[in-house]
Every structure is written in structure tokens, then in C-alpha cells.
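Peer 1: Based on what follows, work out the 3D shape:
(one chain, ligands or ions: 1)
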Amino acid sequence: MTESVFELAPKTEPERQYYFMENASVLIKKREEKVGHHLSFHVTTFGCQMNAKDSEKMTGILTKLGLDEVAEETAADIVLFNTCTIRDNANQKFYGHLGTLNGKNHKNKNRIVAVCGCMMQEKTCVEKLKSSYGFVNIIFGTHNIYKLAELICLYLEKNENVIDVWDKPADIVEDIPAVRKYPFKSGVNIMYGCNNYCTYCIVPYVRGNERSRDAKEIIRECEKLAAEGVKEVMLLGQNVNSYGNRLRNSIGFPELLREVEKVNGIERIRFMTSHPKDLSDELIEVMKASSKICKHIHLPLQSGSTRILKAMNRCYTGEQYLDLALRIRKELPDTAITTDIIVGFPGETEEDVNDTIDMIRQVKYEGAFTFIYSPRTGTPAASMPGRQSKEWIKREFDRVLKAVQDESRLMAGRFLDNVEKVLVEEMNEQDDKLVTGRMSNNLMVHFPGDSSLIGKLVDVKLTEYRGFYYMGRIV
Ligand code: SF4
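Peer 2: Below is the predicted model:
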């Protein structure tokens, strides 16, 4: 490929990327001739559902280049890491992982290593890769993952390491190919970034401001997925309830759900994540009237103490949260509510933890992810005073965990003897006579069956509750 090939590249997207996909596949073929074998790739994803979705797109691009996906990182000719930076120790773990890979790297001198994702949005991380991990060939961030083929072209053409990290997001690029992990369910991005700046969270700094996708594009994607056999979509955003707020003439999230509901073939709709401050009565009404929206709301609490919520910049009080959660319980009684809770936030006292426990006892969550606060460099909370000792945090964490477990055991167990629709997802990992699926409320069920059931919605009688999951049988 010559300079002129870069000059000839279309200026508009996604045409430009399809152009580079074609050119990159030619370069890959040449490289295959040189090394004497067919080239393969492996994508390793760290972190959240957003990253998982980004990785599906990058897998789509790499497949389009004619590369074969392999299960082992060490066996691949192109290894791509999609990183997460939510906690400081996630970064340390990643450096360790990268070092181990290079230890095994000596056999494949032609291997291309690429690193992208949230960690790469931090200058210090890029500097560290440059100085200590010189075998990393391509570095890019969260805003330009759609450019993977272009970056591979650049690297192969110039034979020099490529770094392309953008400070700010540009326009949303549609129609990039994707390879889904599951043929029957798929995430659908409805927005990117976050404007909330919770004081403990790095996401707004590495993923940029909130941008919503055009509703027509979202519906078009859902229709395409349905035509390909997808039954369940998960609408993804850091704060789905504020969908459309910053898009001119856009519909809001409840209206978007109504539109997705009209897509023939889509039988289940999930969404993640709901910020409590933006969850409207209209959304509750839409959920009530829907036959497709799943009976599950993940409603992150973080703390039950208004004082701590203020320090976290969560923009709701304990009372407002409780009022909302109880309204959901009343209006949508079959709907499971799950949450996230942080213990050990700077300045937290035993009284604040008591408020959190009170909340757990009143809302009675079906499940909760409970975290010990971990300071994230670059966030306001990291320099807040009042950190408690490890012993204090461990003790308080155990109190919170016990409350969560007591309540969720009772609440998640209330569906025993029901017949529920279950989407079968996979063979059971421990017992090959069982399959595993999820109910609408997101709880897991194991029951006798074979692989022909995977991807199907079946009626299952819940015969035994085993604390957080069920055993059942098809009826
Ligand atoms: S809402 Fe808060 S916790 Fe969630 S991504 Fe935005 S800043 Fe982070």
C-alpha cells in the first residue's frame, strides 16, 4: 500500500473503514505468504458490557479481514486487548497479563499486539506501554475502535508502531460489522459516554460526554438483529434513562422502548444501566404495559446515606431512592430489583452503613453487587479525607453482605413453583445433562435438556430454589 492509497481513502464514514478493511485484507494476505501460514486473532476483553459490545465490533472487523478467531491468546497472530480502568488494580493486573504474554511471545516473532479501551485514554498508561512494553504495536482508545482496520493498515504498511488516542469523541459511526458472542441475544448501544461525574468513577473521563444514537439507527439495528435470529436485545448505556436528552428532536427512553417493542422477532428487551435520578414514572408505565420488556431493573444504590450520596455526587437522596424503589415494587410486583453498593467510601461512618442496611431491608433486593471502595486515581474521591481502616471496612462490608444475602434469599426464592419463560443460553458447565437459561427477571435456571434447546424460549416449572438460582423442568 502506498501513500496514495491513504490519500485515496474516502473521507466519510463508514465508507472509509470499509475501504481500509479491503486494503488491510490484501496486506494480511501478503503477510500470510511471507510467514507461510493463515493468520489468526484473539480478542481479550476486560470490564463491562460496553467493552464486550466494542469487542464484538472489533471481532467483526478482524473477521472481515479474513483472519480466523482462535481461543488461545498465545496461539494468535494478532492479539487485541480491550482494557478496563475502573479500578487502579485492574491496571496493575493488565500490566502483569501483558508481561506474561510477552514471556511466551518469543516463538511468534511476527505477532501483532494491539491494546485499546479505557486504560488507553489515560496518558500515563500509554506512556508506560511505550516505555516498558515496546512489543505493543498498536495503541488506540475508546473513541476510535471503529478504525481498527485503518490502524492495522498503517502498522503493516509502515512497519512502525501506531498510537492513535483521541481526547474527545467524534461523531458516532454506524454500520461497522460485528460478530456476536451469542446468535440469539445481543447488546445494542443506545448511547455512549456519561455526564454524571460520580466522584468515585473514571468513566466520564475515559468514555467522554453522553452521546445518544439516533433512534432510527437503533431500530434499524434491532430489525437487522431480529432478521438474523436474535430474540433478546440488551439496550446499553451508562445511563439509559437520559437517552435522547442531548439529541435534538429525539424521543426519550420510554418512547424508544415502545419502538423497540414493535420490532417483530424481538421477544425480550433488557436495558442497563438505570441511574435512579432519571428513572421516570413514564418508564414504569411502559414496563407495566409491555409484554417484551424483561421484569428486571438494575438500580444502582451505592449508599443508603444521603450524606454519602452527596459526597458521591449521585444527585438523589436516600429518601428519593427509597420512594422510587417502593414505587417500582408496587407498580411492577413481579419485577426483580438488583443493585450496586459501595462500602468504605471516604468519610463513611457506621451510621451511614446502617442507612445502607436499612435500605437493603426495605427494598429487599433480589441481588446486589457489593464492592469495597477502591480509590481511582484521577477521580475527586481519590483525594477525599476520611478513609477507614481495612479492618473497619471488612467488618462493615460483611454486615452489608449479610443483609443483602438475607433479603435476596427470600426475594429471589419467591418464584418457586411458578412456570416461567426461560431463554436457554448454554449447556450447564458442571453437568452435561442440564441446560442453563435465564428467566425474564434475570434469575438463572438449570434443567434437563440438550443443546438443541439453546437459543429457544421454553416454559420451565421452577421445582427447587438453591439460593440465587433455580432447578426446574420443561413443561
Ligand atoms: S453514572 Fe456515575 S457511576 Fe455510572 S458511569 Fe456515570 S459517572 Fe460512572
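Peer 1: Who does residue 437 form a beta bridge with?
Peer 2: residue 424, residue 445 (DSSP bridges).
Peer 1: Any buried residues in the longest helix seen in the chain, and which?
Peer 2: Longest helix in the chain, counting residues (DSSP state H): helix 390-412. Neighbour-count burial for helix 390-412 flags 392-393, 396-397, 399-400, 403-405, 407-408, 411-412 (criterion: 16 or more other C-beta atoms under 10 Å). Every residue, glycine included, has its C-beta placed from N, CA and C.
Peer 1: do stretch 240-253 as well
Peer 2: Buried, per 16+ other C-beta under 10 Å, within stretch 240-253: 240-244, 247, 250, 252-253.
Peer 1: ok, back up a step: alpha carbons only: can I get the longest helix of the chain in CSV?
Peer 2: The C-alpha trace of helix 390-412 is given here as CSV (Å, rounded to 0.1, in the frame of the first residue of the first chain):
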residue,chain,number,x,y,z
LYS,A,390,-9.1,-2.2,56.3
GLU,A,391,-10.5,-3.9,59.4
TRP,A,392,-13.3,-1.4,59.7
ILE,A,393,-14.2,-1.8,56.0
LYS,A,394,-14.1,-5.6,56.2
ARG,A,395,-16.4,-5.6,59.2
GLU,A,396,-18.9,-3.2,57.7
PHE,A,397,-18.7,-4.9,54.3
ASP,A,398,-19.7,-8.2,56.0
ARG,A,399,-22.6,-6.5,57.7
VAL,A,400,-23.9,-5.2,54.3
LEU,A,401,-23.3,-8.5,52.6
LYS,A,402,-25.2,-10.4,55.3
ALA,A,403,-28.2,-8.0,54.8
VAL,A,404,-28.1,-8.5,51.1
GLN,A,405,-27.9,-12.3,51.4
ASP,A,406,-30.8,-12.5,53.9
GLU,A,407,-33.1,-10.4,51.8
SER,A,408,-32.2,-11.7,48.4
ARG,A,409,-32.5,-15.3,49.5
LEU,A,410,-36.2,-14.6,50.4
MET,A,411,-37.0,-12.3,47.5
ALA,A,412,-35.3,-14.4,44.8
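Peer 1: and that helix, how far from the chain's centre?
Peer 2: Centroid displacement of helix 390-412 relative to its chain, using C-alpha atoms, centre = their mean, to the nearest Å, is 25 Å.
Peer 1: cool, and stretch 336-348?
Peer 2: Relative to the chain's own centre, stretch 336-348 is displaced by 19 Å; criterion: C-alpha atoms, centre = their mean.
Peer 1: can you tell me if it touches the ligand.
Peer 2: No. For stretch 336-348, no contact with the ligand is found by C-beta under 6 Å from any ligand atom; the gap never falls below 8.5 Å.
Peer 1: I'd like the average pLDDT over that stretch.
Peer 2: Confidence for stretch 336-348, expressed as mean pLDDT, is 98.
Peer 1: again with stretch 419-429
Peer 2: Stretch 419-429 comes out at a mean pLDDT of 96.
Peer 1: Just the buried residues of it, please?
Peer 2: So, applying 16+ other C-beta under 10 Å, buried residues of stretch 419-429: 420, 422-425, 427.
Peer 1: before we move on, what about stretch 108-116?
Peer 2: Applying a neighbour-count criterion of 16+ other C-beta under 10 Å, one finds 111-116 buried in stretch 108-116.
Peer 1: For this structure, which residues are neighbours of the ligand?
Peer 2: 194, 196-198, 201, 203-204, 238-239, 275.
Peer 1: try 5 Å this time
Peer 2: Contact residues, the chain versus the ligand (C-beta under 5 Å from any ligand atom): 194, 196, 198, 201, 203, 238.
Peer 1: which pair in those residues spans the largest distance?
Peer 2: 198 and 238 (10.1 Å; C-beta to C-beta).
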